[in-house]
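A.B. asks: give me coordinates for this.
(2 chains)
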Amino acid sequence: MSLDPGFWALQTLNALQLSMLLFLLSIGLTVIFGLMHFVNLAHGSLYALGAYVAAAAATVGGYWTGFFLAPVAVAGLGILLYSGLIRRMRKSGPMAQVLVTFGLIFALLDLTRIVWGDIALAIELPALLDGRVSVFGIGYPVYRLFIIALGLAIFTALAMVLKRTQIGAMIRAGVDNDAMAACLGINVERLFFIVFCVGCALAGLAGAVAAPLLSVTPDMGLQILIPTLIVIVIGGLGSLQGAIAGSLIFGFVQTFGAVLAPQLASVLIYALLAAVLVIRPMGLFPAKG
Amino acid sequence: MFQHTALRYTALILLAAGAFAQAVTAGYFGLEVLTEILLLAMLVLALDMVAGFGGMVSLCHGALMGLGAYAYAILTTKAGIAPPVAMAGAIAITGVAAWVIGAIGARSHGIYFIMATLAFGQMAYSYVFEAPLFGGDDGMGGIPRLDLTLIGLDLNDSRSFALFCLLLLAASYGAAVLILRSGLGRSLIGVMHNEQRMRALGLTVWRIKADVFGLSGMIAGLAGALAAQHVMYISPGPLAWTVSGEALVVVILGGLGTLVGPMIGAAAFVVLKHEVSNVTSYWHLVVGVLLIAVVMSRANGLFGWIEARWGARLERRLSDLTRKSDAEEVPTDA
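C.D. replies: Numbers count the residues shown, from 1 in each chain, chains lettered A, B, ... in the order given. Presented below is the predicted three-dimensional model:
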């Protein structure tokens, strides 16, 4: 155990970086749930797809092509999914939705295997983001700092949109009471559609961002799904604050747990989730009071 | 209440006869597949009890089965306890664990209940994965099978073992039917339909849910103890949430809340898996598309679809027959 401040700074940055990656994923999932009461287990698969699109585009046009193309491509798939499956499943219970999206996980998993094969792909970083900078006397990869900055930027942007713009107010109204919002003349269905597409795009972005960090494999979507679900349940479904709080809690518990108590690290987060579900079954910051 | 219709009896008899014929005639590979089906059927039976009759969609039943397997393995290899006692112990341990999970989860509904069970299942998975006592991700080997030479059965022979599993599956089915027909089971169905009303009638809702969840966990634990004996080796893999998800898929493809349907689903699932895997390695794509199609079709799985289509007609014909020979009427509400 080290008492060196640089070590703790490093771990804090690692925790922040993991939190921001999870935030990008969980915000889409949580708002989709809050607004549509729809459980999209396939959100992780969209993230994996984003990583694959980014990796494929990066080999042709460099990192930034993939970075911008992945959200667009995944949002495109989101539109297809919405019009083909999700809209029809809107009125069914949570069980049917869980099952349909569980089926989607299976189908998308094998489709990525068919298109890209079983071998892990890697992405080259652009010169701008490659290398290390000195933070508290310790070299820290620029790319991880970039992820932290990107996460914070997106959090700020979403917070501004939700708080200050008209569409933000409409989304908040829809989460709070969709029937009442519809009575007031808000086109809730169209709102759902927009939010779903933005959520998918953010999942694709998260995939593109994670691709250089982790290797791109078909099961990366399954691996990230459980942490994302934990984040949104701890945070409370449907709220921005919940997503950021849940992400930070997960990131810090996971990172510092692994450092301080490696034996318990993996159990710790599940125990925390169970505790939250017992004490506050609706999560820490539920969208509905 | 859970009722046996003529169609359900027919399906049960066909299933039992098919399994028995397979157990007597099949070769080594066929017997392995049969045992796999029987153990999966036992797991989905346990899951259907809580999901189909209590609305408790559990994503930890795979982990419960794994817990039963690990408990049996630890008790026999590390603690040196005799296999029959260890089996009873494994069932008891799994039952208690499931009761606790059910009691804690009883307050939450819908997606929150699913998430709570997922959390407990994953907790067990990651603990077993890391703990050196359980052999970590290397798993544990050298698990003995039950010794039944006293009554002339050598369980190390795969034919006897398959028959033994078939017998225990039949016993589990009988137990599940008895539980669902008891006051406890009827209360559970009432809770699923209208929880507030049952509470107003003076029932302790969380106790009912926890009790049935615990009983269902005991069946899952039995399946686990048998699975550990079947392959004589265990690894953390079967505890992962995807296994529970697959079990749920089998319940849905078979027919939720019919008990018979999920067992048909288990047979179809395992056979299909082996057949499709022979042709292509993209087995998950087939299952995924099949699952989406079944859920979108709004039929209650394979058996539910058959029941909706032919159940009533068969029932009417049978009651006509009995009415001719006997004035008494056969109850027809399914």
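A.B. asks: next structured bit after the helix or strand hosting residue B:295?
C.D. replies: For residue B:295, the host element (DSSP states H and E) is helix B:283-297. Using DSSP H and E, the helix or strand that follows helix B:283-297 towards the C-terminus is helix B:301-306.
A.B. asks: what is the rounded mean pLDDT of that following helix?
C.D. replies: For helix B:301-306, mean pLDDT rounds to 85.
A.B. asks: can I get that helix as PDB, trimmed to CA atoms?
C.D. replies: Below are the C-alpha coordinates for helix B:301-306, written out as PDB (Å, rounded to 0.1, in the frame of the first residue of the first chain):
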ATOM      1  CA  GLY B 301     -44.400 -20.300 -26.100                       C
ATOM      2  CA  LEU B 302     -44.700 -23.600 -28.000                       C
ATOM      3  CA  PHE B 303     -46.900 -25.400 -25.500                       C
ATOM      4  CA  GLY B 304     -49.000 -22.400 -24.800                       C
ATOM      5  CA  TRP B 305     -49.600 -22.100 -28.600                       C
ATOM      6  CA  ILE B 306     -50.600 -25.800 -28.800                       C
END
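A.B. asks: what's the neighbour count on residue A:167?
C.D. replies: 13 (other Cβ atoms under 10 Å in any protein chain shown). C-betas here are computed from N, CA, C, even on glycine.
A.B. asks: cool, and residue A:180?
C.D. replies: Neighbours around residue A:180, by other Cβ under 10 Å: 12.
A.B. asks: so what's the backbone phi/psi at the nearest residue to it once chain neighbours are set aside?
C.D. replies: With sequence-adjacent residues excluded and distances taken as Cβ to Cβ, 6 or more residues apart in numbering or on different chains, residue A:180 is closest to residue A:173, at 7.4 Å. When read as degrees, to the nearest 10, the backbone of residue A:173 gives phi -60, psi -40.
A.B. asks: quick one: contacts for residue A:173?
C.D. replies: Shown in contact with residue A:173 (Cβ atoms under 8 Å, 6 or more residues apart in numbering or on different chains): A:180, A:181, A:184, A:186.
A.B. asks: report the distance from the helix or strand of chain A with the lowest mean pLDDT to the chain centre.
C.D. replies: Lowest on mean pLDDT, DSSP states H and E among the helices and strands of chain A sits strand A:132-135, with a mean of 77. Between the centre of strand A:132-135 and the centre of its chain there are 27 Å (Cα atoms, centre = their mean, to the nearest Å).
A.B. asks: right, and the helix or strand after it?
C.D. replies: Going down the chain from strand A:132-135, the next helix or strand is strand A:138-141, by DSSP H and E.
A.B. asks: would you pull up the residue in the stretch 201-334 of chain B closest to chain A?
C.D. replies: The stretch 201-334 of chain B approaches chain A most closely through residue B:288 (3.1 Å), counting by Cβ to the nearest Cβ.
A.B. asks: pull the number of nearby residues for that residue.
C.D. replies: 24.
A.B. asks: can you check residue A:274 too?
C.D. replies: Residues near residue A:274, counting by other Cβ under 10 Å, number 18.
A.B. asks: which residues touch it?
C.D. replies: Neighbours of residue A:274 in contact, by Cβ under 8 Å, 6+ apart: B:104, B:116, B:119, B:120, B:123.
A.B. asks: now the helix holding residue B:295: buried residues?
C.D. replies: Going by neighbour count (16 or more other Cβ atoms under 10 Å in any protein chain shown), the buried part of helix B:283-297 is B:283, B:284, B:285, B:286, B:287, B:288, B:290, B:291, B:292, B:294, B:295, B:296.
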